[in-house]
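>>> Sequence and predicted structure, then a few things I'm wondering about:
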Amino acid sequence: MLRPLTVVLAAIPILMPQAAFAAEFDGASLGLAWALPFAGILLSIALFPLLALHFWEHHQGKIAAVWGLLVLVPMALAFGPMAAIHALAHTALLEYIPFILLLLALFTVAGGILVRGNIHGAPGTNTILLGIGTVLASFIGTTGASMVMIRPVMRANDDRRHNVHVIVFFIFLVSNIGGSLTPLGDPPLFLGFLRGVDFFWTTTHLFMETLVAAGLLLALFFMVDLAIYRREGRVRPDPTPDNPVRVVGGFNFFLIFIIIAAILMSATTDLGRVTVLGTEVELANALRDLIMVAVTVISLKVTPKANRIENGFSWGPIKEVAKLFAGIFIAIIPVLAMLRAGADGAFAPLVALVSNPDGSPDNAAYFWLTGGLSSFLDNAPTYLVFFELGGGNPQQLMTAGAMTLAAISAGAVFMGANSYIGNAPNFMVYAIAREGGVKMPSFFGYLLWSGAILIPTFLLITLLFFRG
């Protein structure tokens, strides 16, 4: 007797238009049903932590696997096992493995950098700390910068009666907006790099947008913190008295330069290529990925374990990312094919939303739609969706479509700050702050903060940069 899941999986291909999943998918012939697993895994990531956190923590890998299988099994049944294997190999070798290995290397290296000591969290000092974290985010990633800086910022303000605003602005700046200048900064931008966007493209094309957004928020933070500081004074004994700040684990900064050099090498060097399961793999990219593994191992060997323990380092976050993104990268395979079809595919209404009447891209719509989805869904796959919607050709997007690519990139990175679930570091910072005694706002309370502060900021960004 067939189990219900088997019956469902066997029936799905019958309900979908036929397509060849071999080398190039014919996205124009795919039905919307192929997009349901992708929508399902994103909604799972958004809703399970809010509605069933305990269940989610114990079964997130299984949930991600189910959504992935709901793409691979119908693909194999309808178009043959080799089509499914080739699609899986293409995604794994060219996108998922490089993506996870970079995150692993940055996560490990950042976890070996420890900031000891304490300074008093006066408004000027706090603004400088947030500014340092914002800059650091583009070099060691928003997750790395958040983990390095959050505890020093909390120690600096643990004698303040009102310190929630410090952590909220920290999430805005360090956990999100600061990561917009290099592919190291935030996962969406590294996915763009893997698709062919130059390493320093975002550095030059998002510099002014980032400077304006970060500058406005730092200035606003200073004024808010100054007003609160003057009103409250030092009314609590400082549990961590001021003492000199020292940074240990400095060798890890050298490893960051190795990571950057490896990425640049892969983008500029041709060492030949090999074909694996129908996928052409550049040897320079394979060497880059091996360097990421070597950097991870070296960081673990040279960094004292005590430093990582003091830093609160654990493998939990990177394990979660690895499991969830395995499902995401599989589920997005047919979605990307459908997006490449543009107005001829099932996502024609979405194409219309981001297009002007004359067919030119509506960059403000790209910014807000990418950002709106990135606020509540994961910003990395959201970036990929709109990257493909914008044409998917990196050379065209970096030149004639530069404003469109900038809008997509800024929307994905900036607006991850709009909610706790918009970007991975947000919830990690929230959890660390709560554990440290900070009375963080609820999910909807945080939305009030972001709505009042970030939405006007992003409206200004739209008027200045994306209205044309």
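In hand now; what should we look at?
>>> For residue 280, give me phi and psi.
Main-chain dihedrals, residue 280, degrees, to the nearest 10: phi -80, psi 120.
>>> So for it, what's the pLDDT?
We have a pLDDT of 85 for residue 280.
>>> Please name the residues that touch it.
Going by Cβ atoms under 8 Å, 6 or more residues apart in numbering, residue 280 touches 273, 274. C-beta here means a position set from N, CA and C on the backbone, and glycine is covered the same way.
>>> Tell me where the stretch 101-250 of the chain has helices.
Using DSSP state H, counting those that start in this stretch, the helices of the stretch 101-250 of the chain run over 123-156, 164-173, 187-194, 201-205, 207-232.
>>> nearest to residue 282, of the ones you listed?
If you check each of those against residue 282 by Cβ to Cβ, helix 187-194 wins as the nearest, at 11.2 Å.
>>> The closest one packs against which elements?
If you count contacts as 3 or more Cβ pairs under 8 Å, 6 or more residues apart in numbering; DSSP states H and E, helix 187-194 packs onto helix 97-111, helix 379-389, helix 402-414.
>>> rewinding a little: out of the helices of the stretch 101-250 of the chain, which is closest to residue 253?
helix 123-156 (8.7 Å).
>>> from the middle of its chain, how far away would that closest one be?
Distance of helix 123-156 from the chain centroid (Cα atoms, centre = their mean, to the nearest Å) equals 17 Å.
>>> Give the residue spans of the chain that score low on pLDDT.
1-25, 117, 233-243, 377-378, 468 (pLDDT under 70).
>>> Can you tell me how far residue 151 is from residue 58?
The gap separating residue 151 from residue 58 is 27 Å, by Cβ to Cβ, to the nearest Å.
>>> who's more crowded, these two?
The neighbour comparison of residue 151 against residue 58 (other Cβ atoms under 10 Å) goes to residue 151, with 19 against 10.
>>> Which residue ranges of the stretch 301-450 of the chain form helices?
Taking DSSP H, counting those that start in this stretch, the helices of the stretch 301-450 of the chain run over residues 305-310, 316-340, 348-353, 363-374, 379-389, 394-398, 402-414, 424-435, 443-461.
>>> buried set for the longest one?
When neighbours are counted by 16 or more other Cβ atoms under 10 Å, the buried residues of helix 316-340 are found to be 317-318, 320-340.
>>> Please compute how far it lies from its chain's middle.
On Cα atoms, centre = their mean, the centre of helix 316-340 falls 12 Å from the chain's centre.
>>> next one: the fourth one
Taking the mean of its C-alpha atoms, helix 363-374 sits 15 Å from the chain's own mean (Cα atoms, centre = their mean).
>>> And for residue 97, the neighbour number?
For residue 97, using other Cβ under 10 Å, the count is 17.
>>> err, residue 46, not the other one
Neighbour count of residue 46, defined by other Cβ under 10 Å: 17.
>>> likewise the one 3 residues further on?
Residue 49 has 17 neighbours, counted by other Cβ under 10 Å.
>>> Phi first, then psi, for it.
Taking degrees, to the nearest 10 as the convention, residue 49 sits at phi -60, psi -20.
>>> what sits against the residue lying closest to it once chain neighbours are set aside?
Excluding its sequence neighbours, the residue lying closest to residue 49 (Cβ to Cβ, 6 or more residues apart in numbering) is residue 56, at 5.5 Å. Contacts for residue 56 were tallied using Cβ under 8 Å, 6+ apart; they are 44, 48, 49, 63.
>>> Just to be sure, residue 56 is in a helix?
Yes - with DSSP: H, G, I helix; E, B strand; the rest coil as the criterion, residue 56 is part of a helix.
>>> Distance check, it against residue 45.
9 Å.
>>> now do residue 460
Residue 460 is 30 Å from residue 45, by Cβ to Cβ.
>>> For the two, work out which one has more neighbours and name it.
Set residue 460 next to residue 45 and count neighbours by other Cβ under 10 Å: residue 45 wins out with 23 against 13.
>>> quick one: which helix or strand includes the more buried one?
Using DSSP states H and E, residue 45 sits within helix 36-51.
>>> one step back: highest mean neighbour count out of the helices and strands packed on helix 187-194?
Scoring those by mean neighbour count under mean count of other Cβ atoms under 10 Å gives helix 402-414 as the most buried, with a mean of 28.
>>> and the angle for that helix with helix 363-374?
Inter-element angle recorded for helix 402-414 and helix 363-374: 20 degrees (by axes from the mean of the first three to the mean of the last three Cα atoms, to 10 degrees).
>>> Just give me the neighbour total for the nearest residue to residue 437 once chain neighbours are set aside.
Distances taken as Cβ to Cβ, 6+ apart place residue 158 nearest to residue 437, at 7.5 Å, with adjacent residues excluded. The tally of other residues near residue 158 (other Cβ under 10 Å) stands at 18.
>>> Residue 158 is in contact with residue 436, isn't it?
Yes - contact criterion Cβ atoms under 8 Å: residue 158 and residue 436 qualify, at 7.5 Å.
>>> With adjacent residues omitted, what lies nearest to the most centrally placed residue in the chain?
Central residue of the chain (Cα atoms, centre = their mean): residue 187, 3.9 Å from the mean position. Closest residue in space to residue 187, ignoring its immediate chain neighbours: residue 380 at 4.1 Å, by Cβ to Cβ, 6+ apart.
>>> quick one, what contacts the one you found?
By Cβ under 8 Å, 6+ apart, residue 380 lies in contact with 99, 187, 188, 191, 325, 328, 412.
>>> which residues touch the second one?
Just to be clear, that refers to residue 187. 99, 103, 379, 380.
>>> For the residue lying closest to residue 449 once chain neighbours are set aside, grab the count of nearby residues.
Spatial nearest neighbour of residue 449, excluding adjacent residues (Cβ to Cβ, 6+ apart): residue 168 at 5.1 Å. Neighbours of residue 168 under the rule other Cβ under 10 Å: 24.
>>> Residue 168 contacts residue 451, doesn't it?
No - counting by Cβ under 8 Å, residue 168 does not reach residue 451; the two are 12.0 Å apart.
>>> circling back to that earlier point, buried set for the helix holding residue 45?
Buried, per 16+ other Cβ under 10 Å, within helix 36-51: 36, 37, 38, 40, 41, 42, 44, 45, 46, 48, 49.
>>> Looking at the residues you listed, which is nearest residue 257?
residue 45 (32.9 Å).
>>> Please report how far the residue nearest to residue 437 lies from residue 148.
Look at residue 158 and residue 148: by Cβ to Cβ, they are 18 Å apart.
>>> Residue 416 too?
According to Cβ to Cβ, residue 416 and residue 148 sit 19 Å apart.
>>> Of those two, give the one with the bigger neighbour count.
Using other Cβ under 10 Å, the more surrounded residue of residue 416 and residue 148 is residue 416, with 33 against 25.
>>> Am I right that the more buried one is in contact with residue 186?
Yes - using Cβ under 8 Å, residue 416 is in contact with residue 186, at 7.4 Å.
>>> list residues touching both of the two?
Both residue 416 and residue 186 are in contact with 176, 379, 423, where contact means Cβ under 8 Å, 6+ apart.
>>> need these in CSV with distance to residue 293, can you?
Converted to CSV, the shared contacts of residue 416 and residue 186 look like this (distance: Cβ to Cβ, whole Å):
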residue, distance to residue 293
176, 28
379, 26
423, 25
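>>> with these in mind, which one is nearest to residue 164?
residue 176 (17.5 Å).
>>> I am finished for the moment; much appreciated.
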